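Peer 1: have a look at this prediction, sequence included:
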Amino acid sequence: MIVMQTNEKRTNNGPNGLKIPNHIGFLLDGNRRWAEKQGMPRWMGHLKGGLPKGEDVIDWCLELGVPQVSMWVLSTENLDRSKKEVDAILEAVYKGLETLEKKQSLLDKYEVSVKFVGDLNRLPPKMLKIIGKIMQKTAKYQKKVLNIMIAYGSQFELTETFKKIAEKVLKTGMITITPKDIEKNLLVPTPVDLIIRTGGMNRMSGFMMWQAAYAEIYFTKTLWPDFTKQELIKAIKWFSEVQRNYGK
């Protein structure tokens, strides 16, 4: 179980006076536009971006001491694109997962528990197999958490959450539902502190709607395949300078 933290404890001290967020969420946008700029078919952008670029970002976050990262690599809406593009996205994600599995020493070093979040039943069997292996190998860790969001959308997450709560209501007969009841039944029960969206679009697109209630949102025009460690540090520096009031 992921331990919920109070607002006052949702940052950690990092290098050069940076306040390291307890939980960073990434919206990986700009793969197709990056491919067009390179004169490539749009679907090829997923081979350069997506989880392959995400591997670098995961490394950078671990180096900086971020306790929890959520990375949205595939949305439920993405699965409704053309078959050619969906196949390319799934293949890119699969290759990224293969590389992640090979990075077991890095995951062991930082004691990272890898969780996969989304409607996993919509994924190919070979992907489900490697997902199972990665989760099994890292299940013993509690120090840091990496949420890889595949076939994910907030509407799906909230629907599943309320289904769980409804089942408990039917069993116990207790009708009262509190915010805590909702939080502990979410696929990702920890609030997000900083959301980074690449690609220049200033919208959330249904990303962690409940968890992001008090998140600071950093939008960058940088396309995901071009995202760098310097850009990550720039986002965290911006976060460090924000006065967070949590609605008070």
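Peer 2: Received the coordinates, thanks. Residues are numbered from 1 along each chain as shown.
Peer 1: burial check on residue 167, number of neighbours?
Peer 2: Taking other Cβ atoms under 10 Å as the neighbour definition, residue 167 ends up with a count of 11. In this view, the C-beta of every residue, glycine as well, is placed from N, C-alpha and C.
Peer 1: make that residue 191, sorry
Peer 2: Residue neighbour count, defined by other Cβ under 10 Å, stands at 22 for residue 191.
Peer 1: leaving out the residues flanking it, which one is nearest to it?
Peer 2: In space, not counting the residues next to it along the chain, residue 191 is nearest to residue 211; the distance is 5.3 Å by Cβ to Cβ, 6 or more residues apart in numbering.
Peer 1: and that neighbour, what helix or strand is that in?
Peer 2: Secondary structure assignment for residue 211, by DSSP states H and E: no helix or strand.
Peer 1: likewise residue 196?
Peer 2: Residue 196 belongs to strand 194-197 when elements are defined using DSSP H and E.
Peer 1: what pairs with that strand, parallel or antiparallel?
Peer 2: strand 23-27 (parallel), strand 216-219 (parallel) (DSSP bridges).
Peer 1: right, and residue 64 touches residue 236 too?
Peer 2: Yes - counting by Cβ atoms under 8 Å, residue 64 does reach residue 236; the two are 7.1 Å apart.
Peer 1: just want to know which of these two has more residues nearby.
Peer 2: residue 236 (23 against 18).
Peer 1: wait, the more buried one sits on residue 17?
Peer 2: No - contact status for residue 236 versus residue 17: not in contact, 10.8 Å apart, counting by Cβ under 8 Å.
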